[in-house]
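Colleague: Here you go, sequence then predicted model.
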Amino acid sequence: MAFKKRTHDCGELRLANVGETVALNGWCHRIRDLGGLFFVDLRDRTGVCQLNFEIERFEDLRDLRHEFVLCVTGEVVKRAEKDVNRKVPTGEVELDVKEFDVLSTCDVLPFPLSDESQMKTAPEDLRVKHRYLDLRRPVMYRKLLIRAEAVRLIREYLHERGFVEVETPIFTRSTPEGARDYLVPYRLKPGRFYALPQSPQQYKQLLMVAGVERYFQIARCFRDEAQRADRQPEFTQLDMEMSFVYQEDILAVSEGLTRHVCNSVIEKFDLDLEPVGSFPRLTYEESVRRFGTDKPDLRFDLELFDVTETVRTCEFGVFRSAVEAGGIVRGVKYPGGADLSRKQVGELENFVKEFGAKGLAHLTVVSTDPPECKGIAKFFKREELTVIIGAADAQPNDLLLFVADKEAVVCDALARLRNLIGDRCNLRDPRKLLFCWVLDFPLVFWDEENKRWDPSHHPFVMPKTEDLSLLETDPGKVRADCYDIVCNGSEWASGSIRIHRPDIQARVFSVLGLDEEAQRRRFGHILDAFRYGAPPHGGIAPGIDRLIMYLTGDENIREVIAFPKLGGGYDPMMDTPSEIEPEQWEELGLTLRPAEDD
RNA sequence: GCGGGUGUAGCUCAGUUGGCUAGAGCGCCGGCCUGUCACGUCGGAGGUCGCGGGUUCAAGUCCCGUCACUCGCGCCA
């Protein structure tokens, strides 16, 4: 199957090439048959070039169809001034075709891949099913390039700083904590299973014990959990770990890496994004107090304000009883929200109710001095209104929205409402990537349902030295050397300094209610390793897919993955998960239990 | 497991209070067209209105159920 190999790429021909005889290979992007004239836009990964076929010379010209694969040879000619196409880089020239061959034909396409205006609304399952066609679109190919460049820059940056890239197993051990595991049956001993890693967490700590000191991996992770727009059953993390470091060392490396990678990609691809600056730092406590969440969007203000003390004795029963029950009352400002209709305010209330709020009280600011408001204003004395308006930093025509409940409910509802207001008021600038650090997470959270302390990240997170004394007396107050990178309101990276001393590990396990037997059963392998000289160490794991989403501006993770899975983890292209042969069931020693309702 | 949205030609969509022999643009097939570049133009083929049931003289439209996709909640150490 010989064919004429290209001498040039489609996208590179310019005036300088005029007069040269060149060969091109590519796909028929568009065909324009004018009767006496016949044009084809030939596309390869670098761009398109217009081919001009002399109709007298070729008999079978009109058999050409979309996405046929061609090799063509011809002479590069300058176009007349009036025929120049300024929209494409090759628009000043065209190829006067002398010979061509059809290397492959193409069936009628399932979607119009050469028409971006229509592809914006093309059904996603169809695109995923025919991903090999979807990826032919220049916009999709560009996402692959951006991803490849980001990963290349990460490797380069870390190699330059002495990090060693190590691969860890995909077949690993099931751990009952965290997300549901994907399991792989083990043929030699039926009833035993491998699990796919949710992250290489334990391996990377063992590499520290092994003396690797600086490790990284572009690691595939697997979690069998319900999907979201930004979650896939398999996704990719930059997994990193360092020995003989304090928290500050890890912050420095990962912030430097992030800024270098983002700013290099932004520049190289001329993305419509502002350069990434240094990361502001917030403590967990501060972040929750100011924004109601540990993943604040710092592109806009609208900080939450607290009126708990002001309303403790007020006439409004809803607020007063919430405070009496040990709850809090906080609010968020909707700038210019006085224009909202009763129905629109009702929609905001329904929105916060999705997140557990019982209601949403509102105060419409008419004037600030003297204080005049509508809504729940009648329950407040003049002085109380003044304090509330001051706390909210409100202006006339603002709408103040309040939730009264337990602190966790108030924060969650208002944080989400704040983001919604940010969207409505166009305060979330798509040209900004605002990364920040959230530091000093609590070591453990109280799980009310199971009446126990749960680790906020995992059981190996190091408590802050100055809080160690509280470990047994007031575990909820203990802060950890635990940090997240947040970008534009989404969690991007999470990491911690790990416990390397068995005595501290034992105390933490005991807070978590893990007795000796449970510790051995679940973590015996890593606890054994830590008895053989574990260095102080810590690390972090940023999400690669999300990084690419930030850079491309995509809100769906599937857009930045070459071959993604649909909602239920289904891949329509490979048609998998698939059934297996009876012999495979037999070989693995497995049987399927009949459905219960049969 | 739960809630919202969507489902009509290969693709994007329209389809009124139930009156339909279900339309348009793109694509596809055929004709015409010597400077197009989203070419233009004339004609043609193409439909289980997601699927099942019900109400009705009559259902794309109303009701019930169900499936697929999607967004969100729960979940995601």
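Modeller: Nice, I can see it.
Colleague: ok now do A:Pro430, which residues does it touch?
Modeller: A:Gly553 (Cβ atoms under 8 Å, 6 or more residues apart in numbering). Bear in mind the C-beta positions are built from the backbone N, C-alpha and C, glycine included.
Colleague: State the distance from it to RNA strand B.
Modeller: With distances taken as Cβ to the nearest atom of the strand, to the nearest Å, A:Pro430 is found 16 Å from RNA strand B.
Colleague: again, but for A:Arg173
Modeller: When A:Arg173 is compared with RNA strand B (using Cβ to the nearest atom of the strand), they lie 12 Å apart.
Colleague: Regarding that residue, what are the backbone dihedral angles?
Modeller: Main-chain torsions, A:Arg173, degrees, to the nearest 10: phi -110, psi 140.
Colleague: do A:Cys482 as well
Modeller: Per degrees, to the nearest 10, the backbone of A:Cys482 is at phi -140, psi 130.
Colleague: so what's it bridging to?
Modeller: In this structure, A:Cys482 bridges to A:Ser496 when assessed by DSSP bridges.
Colleague: To which secondary structure element is whichever residue of the stretch 401-550 of chain A sits closest to RNA strand B assigned?
Modeller: Closest to RNA strand B within the stretch 401-550 of chain A is A:His458: 3.7 Å, counting by Cβ to the nearest atom of the strand. Remark: A:His458 resides in no helix or strand, with elements defined by DSSP states H and E.
Colleague: Identify the spatial nearest neighbour of it, chain neighbours not counted.
Modeller: Once flanking residues are discounted, A:His458 sits nearest to A:Gln201: 6.6 Å by Cβ to Cβ, 6 or more residues apart in numbering.
Colleague: Look up how far RNA strand B lies from the one you found.
Modeller: In terms of Cβ to the nearest atom of the strand, A:Gln201 sits 4 Å off from RNA strand B.
Colleague: Chain neighbours aside, what residue packs nearest to whichever residue of the stretch 451-598 of chain A sits closest to RNA strand B?
Modeller: For the stretch 451-598 of chain A and RNA strand B, the shortest gap (Cβ to the nearest atom of the strand) falls at A:Gly567, measuring 2.3 Å. Closest residue to A:Gly567 apart from its sequence neighbours, by Cβ to Cβ, 6+ apart: A:Gln227 at 5.6 Å.
Colleague: residue ranges for the strands of the stretch 51-200 of chain A, please.
Modeller: Secondary structure of the stretch 51-200 of chain A (DSSP state E, counting those that start in this stretch): strands at A:69-78, A:93-104, A:164-165, A:183-185, A:193-195.
Colleague: Compare these and give me the one nearest RNA strand B.
Modeller: With Cβ to the nearest atom of the strand as the measure, strand A:93-104 is the member of those nearest RNA strand B (5.1 Å).
Colleague: Other residues contacting the closest one?
Modeller: So strand A:93-104 is contacted by A:1, A:3-4, A:13-15, A:17-18, A:21-22, A:24-25, A:39, A:42, A:49-54, A:57-58, A:63-64, A:68-79 (Cβ under 8 Å, 6+ apart).
Colleague: Mind doing that once more with 6 Å?
Modeller: A:3, A:13, A:50-53, A:68-79 (Cβ atoms under 6 Å, 6 or more residues apart in numbering).
Colleague: thinking again about what came up before, pLDDT score for the residue nearest to A:His458?
Modeller: The per-residue pLDDT reported for A:Gln201 equals 93.
Colleague: interface residues of the stretch 1-150 of chain A facing RNA strand B?
Modeller: A:30, A:32-37, A:39, A:41, A:50, A:52, A:62, A:65-66, A:79-80, A:82-85, A:87-88, A:91, A:94, A:108-112, A:115, A:117-118, A:121-126 (Cβ under 7 Å from any atom of the strand).
Colleague: Could you identify the buried members of those residues?
Modeller: The neighbour-count test (16 or more other Cβ atoms under 10 Å) applied to those identifies A:41, A:50, A:52, A:66, A:79, A:91, A:94, A:111, A:122 as buried.
Colleague: Other residues contacting the helix or strand hosting the first one?
Modeller: Take DSSP H and E as the rule and A:Asp41 turns out to sit in strand A:38-44. Taking Cβ under 6 Å, 6+ apart as the criterion, the residues outside strand A:38-44 that touch it are A:9-10, A:24, A:26-32, A:48-51, A:53, A:55, A:61.
Colleague: Separate out the buried members of those.
Modeller: A:9-10, A:24, A:26-29, A:31, A:48-51, A:53, A:61.
Colleague: Can you tell me who the spatially closest residue to A:Arg30 that is not a sequence neighbour pairs with across the strands?
Modeller: Nearest residue to A:Arg30, sequence neighbours excluded (Cβ to Cβ, 6+ apart): A:Asp41, at 4.4 Å. For A:Asp41, the beta-bridge partners are A:Arg30, A:Gln50 (DSSP bridges).
Colleague: Tell me the spacing between A:Asp41 and A:Arg6.
Modeller: For A:Asp41, the distance to A:Arg6 (Cβ to Cβ, to the nearest Å) stands at 16 Å.
Colleague: ok, back up a step: so of the buried ones among the residues of the stretch 1-150 of chain A next to RNA strand B, which two are at opposite extremes in space?
Modeller: Pairwise distances across these (Cβ to Cβ) peak at 32.7 Å, for the pair A:Arg79 and A:Ala122.
Colleague: Which pLDDT value does the model give the residue of the stretch 151-300 of chain A found nearest RNA strand B?
Modeller: Per Cβ to the nearest atom of the strand, A:Ala226 is where the stretch 151-300 of chain A lies closest to RNA strand B, at 2.7 Å. Per-residue pLDDT puts A:Ala226 at 92.
Colleague: That one - that's part of a strand, no?
Modeller: No - judged by DSSP: H, G, I helix; E, B strand; the rest coil, A:Ala226 forms no part of a strand; its state is coil.
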